[in-house]
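In: quick one: sequence plus predicted model below, questions after.
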Amino acid sequence: MLERTRCEWWLLMFELELYFDDSGTDAGTPVAVAACYVARKSQWDEFVRNWDEVREQEGFDMFHMAEFVAKPDMGHEPFCHWDSTKKERVYQRLVSIINARVRKGFGVAVPKAVYDEYAFTEFRQFAENHFVFAVRTLLGFIDNWRVDYSIADPMQYVFESGSRGEAQLRQIWKDCLLHKHSKERSGMVPDGVMFQNKRVFKPLQAADILAWQMQNNMRRTVMIGRNPLDRSLAHPGFLMLRDNRPMELAFYGRKHMQKAFDATRAYYEKNGVWPWEPESGAFLRIMRTAPGPI
């Protein structure tokens, strides 16, 4: 991580690094998304080497998906000058790097209006809003993955600095560290989080692509009453990221959101504590649109 940024940093070294991005934190977007990729440090080193080769050959500085797909009259340099042939080539090259280097991808998409409708007062102590819920659910995926593969070592979590959700992410991290299982379940340690510039820490740009595709897929499917698992409705670029790839993705619809809240109430009625309370010893169950990765 030190060498690949071409900057001088003093950091602890972790074998596994996780890069996170979000989408929909602005008030005008109907869906909140949290997404991330995890890989070994050695693979992220190779990722950055490959990414820089494409950047130099294709002529761009930083890849930002929203600017990449924007209409030319928006003026996002240099993408506004590229024709469809070059855009397809560059995107395919970048996705091939992601697929070759990352170990697994995680993503959660939550319709804001539905969350606001169903989230009861006690639940908001766990997740005050839809974005926090998406992030906490994402962390639940990571917890389960670490348990399934007997991963015990701490991980380096890297978030984008200056994002709209940074304050909430910092609070989530602080709250998680209070849990006695945070190190073994989530790989969280006090020095294991950074907020960095996406231009410098290039794996954040891969997470940006996944977050945008999650947001786009929700708009194509769940938000208009369609099945998010229907491949015919998916953006071709999304299929490139997810087909035959190790992914854990959740697209919440109304009925799935209601199930999540009903399950939480049922847990309380049975045990007398909420599942996120330290004394419960349990983690919030995640109700997804379909079992397993898609």
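Out: Cool, got the structure. Residues are numbered from 1 along each chain as shown.
In: in the host helix or strand of E53, what's buried?
Out: E53 is part of helix 41-58, with elements assigned from DSSP states H and E. By 16 or more other Cβ atoms under 10 Å, the buried positions in helix 41-58 come out as 43-45, 47-48, 50-51, 54-55. Just so you know, the C-beta spots here come from the backbone N, C-alpha and C atoms, and that holds for glycine as well.
In: can you dump the C-alpha atoms of it in PDB for me?
Out: Extracted C-alpha coordinates of helix 41-58, given in PDB (Å, rounded to 0.1, in the frame of the first residue of the first chain):
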ATOM      1  CA  LYS A  41      -2.300  -7.000  -0.300                       C
ATOM      2  CA  SER A  42      -0.200  -8.700  -2.900                       C
ATOM      3  CA  GLN A  43      -3.200  -8.800  -5.300                       C
ATOM      4  CA  TRP A  44      -4.000  -5.100  -4.700                       C
ATOM      5  CA  ASP A  45      -0.400  -4.300  -5.600                       C
ATOM      6  CA  GLU A  46      -0.800  -6.100  -8.900                       C
ATOM      7  CA  PHE A  47      -4.200  -4.400  -9.300                       C
ATOM      8  CA  VAL A  48      -2.700  -0.900  -9.100                       C
ATOM      9  CA  ARG A  49       0.100  -1.900 -11.500                       C
ATOM     10  CA  ASN A  50      -2.500  -3.100 -14.000                       C
ATOM     11  CA  TRP A  51      -4.800  -0.100 -13.400                       C
ATOM     12  CA  ASP A  52      -1.900   2.300 -14.000                       C
ATOM     13  CA  GLU A  53      -1.000   0.600 -17.300                       C
ATOM     14  CA  VAL A  54      -4.600   1.100 -18.600                       C
ATOM     15  CA  ARG A  55      -4.700   4.700 -17.300                       C
ATOM     16  CA  GLU A  56      -1.500   5.600 -19.100                       C
ATOM     17  CA  GLN A  57      -2.400   3.800 -22.300                       C
ATOM     18  CA  GLU A  58      -6.000   5.100 -22.500                       C
END
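In: other SSEs contacting it?
Out: On a contact count with 3 or more Cβ pairs under 8 Å, 6 or more residues apart in numbering; DSSP states H and E, helix 41-58 meets strand 16-23, helix 84-101, helix 203-220.
In: now the last one - C-alpha only, CSV.
Out: Written as CSV, here are the backbone C-alpha positions of helix 203-220 (Å, rounded to 0.1, in the frame of the first residue of the first chain):
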residue,chain,number,x,y,z
PRO,A,203,-8.7,0.3,-5.5
LEU,A,204,-11.4,2.7,-4.3
GLN,A,205,-12.2,3.3,-7.9
ALA,A,206,-13.1,-0.4,-8.3
ALA,A,207,-15.5,-0.2,-5.4
ASP,A,208,-17.0,2.9,-7.1
ILE,A,209,-17.8,0.9,-10.2
LEU,A,210,-19.6,-1.8,-8.2
ALA,A,211,-21.6,0.8,-6.2
TRP,A,212,-22.7,2.5,-9.4
GLN,A,213,-23.8,-0.8,-10.9
MET,A,214,-25.7,-1.8,-7.8
GLN,A,215,-27.5,1.6,-7.8
ASN,A,216,-28.3,1.2,-11.5
ASN,A,217,-29.6,-2.3,-11.2
MET,A,218,-32.0,-1.3,-8.4
ARG,A,219,-33.4,1.4,-10.7
ARG,A,220,-33.8,-1.1,-13.5
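In: and it, what's buried?
Out: Within helix 203-220, the residues scored as buried using 16+ other Cβ under 10 Å are 203-218, 220.
In: downstream of that helix, the next helix or strand is which one?
Out: Proceeding N to C from helix 203-220, the next assigned helix or strand is helix 236-242, under DSSP H and E.
In: and the residue nearest the centre of the chain?
Out: A35 (0.9 Å; Cα atoms, centre = their mean).
In: in what helix or strand does that one lie?
Out: strand 31-40.
In: quick one: strands adjacent to that strand?
Out: Strand 31-40 pairs in its sheet with strand 16-23 (antiparallel), strand 104-111 (antiparallel), by DSSP bridges.
In: pipe these into a markdown table and attach distance to S163 and mean pLDDT per row.
Out: Formatted as a markdown table, the strands paired with strand 31-40 follow (distance: least, Cβ to Cβ, whole Å; pLDDT from 0 to 100):
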| stretch | distance to S163 | mean pLDDT |
| --- | --- | --- |
| strand 16-23 | 7 | 95 |
| strand 104-111 | 16 | 96 |
